[in-house]
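S.K.: Here is a sequence with its predicted model. Questions after.
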Amino acid sequence: MPFPHHVFRHTPALRGLITPPDESELRFGLDRFAELDIQAEKEGWPPGWRMEHDAREANRLGVLEGRMVQDLWVFAYGSLIWDPAVQVEEYRYGTLPGWRRSFCMRLEGGRGSFARPGLMAALDEGGHCDGVAMRISGPLVDQETQFMWRREMFSGAYRPLFLEVATPQGPVEALTFVMDRDNRRYMPDLPEDDAARMIAVAEGNLGPNFAYLDSLVRHLDELGIADDDMHRLHARAQNYRLGAM
């Protein structure tokens, strides 16, 4: 079912480019965890590869304490923009100061492996990030954030914070999932050339790591969100894949 027309009143260019939640594969239940637990046991994944359900729910309730019955803004910088997997009431373009989009999270499953890890985009400190702010209606916050936490806090590598996001309609305080610098998957100060090499060769059960970066750059361009750093990383990784470097 398409999003209501009013959701994009501030962002008409996004209309028709956002996956409705009922069509999203990222709106999943606990049965998905059970499937992956079986896979993890078969493939010998190390303990702690994902966040336990009780810990994830405790994190959600703690972060959202006192906010469950009011509208919730969320800042999106990656696939959450075009495939939110939750019911959104309003979209705005937004800029988050002090944080940048960065491939700084080690990826050991999906589009990477423990033997040949790839990288996933996250928010790391420094610079700024252009993305979107999306608003979830108060009556739906408890229901919809359960889906969001299953997705964003699957491995527990993010830190949910409330940060001020600038939008053309005025600033909003938005829930933002940033890289947890204390998490073992954090790869600080990784040179761009090294990151490009990892992305170029990593592959997992969902396919090549490069396909993830390629999708990110393609979607950002389609949505009119600029990020020169991502374009440069994409070009370097593509050159390695083609054997040009």
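M.R.: Happy to help now that I have it. Numbering: from 1, shown residues only.
S.K.: any idea how far residue 233 lies from residue 202?
M.R.: The gap separating residue 233 from residue 202 is 14 Å, by C-beta to C-beta, to the nearest Å. In short, each C-beta sits where N, CA and C put it, glycine included.
S.K.: Show me where the protein dips below the pLDDT cut-off.
M.R.: Along the chain, segments meeting pLDDT under 70 span 43-49, 244-245.
S.K.: Which residue ranges of it form helices?
M.R.: Remark: helices assigned in the chain by DSSP state H are 30-43, 53-63, 79-82, 141-152, 192-201, 209-223, 228-241.
S.K.: Nearest to residue 121, out of those?
M.R.: helix 209-223 (6.2 Å; C-beta to C-beta).
S.K.: which residues touch that closest one?
M.R.: Applying C-beta atoms under 8 Å, 6 or more residues apart in numbering, the contact partners of helix 209-223 are 13-14, 17, 78-79, 81-82, 103, 107, 111-112, 118-121, 132, 198-203, 226-227, 230-231, 233-234, 237-238, 241.
S.K.: Please state the offset of it from the chain centre?
M.R.: Computed by C-alpha atoms, centre = their mean, to the nearest Å, the separation of helix 209-223 from the middle of its chain amounts to 12 Å.
S.K.: Report the angle between that helix and helix 192-201.
M.R.: Angle of helix 209-223 versus helix 192-201, following axes from the mean of the first three to the mean of the last three C-alpha atoms, to 10 degrees, is 110 degrees.
S.K.: Give me the buried stretch members for helix 209-223, please.
M.R.: By 16 or more other C-beta atoms under 10 Å, the buried positions in helix 209-223 come out as 209, 210, 212, 213, 214, 216, 217, 219, 220, 223.
S.K.: between those, which is nearest residue 29?
M.R.: Proximity of the buried residues of helix 209-223 to residue 29 (C-beta to C-beta) peaks at residue 212, which lies at 23.6 Å.
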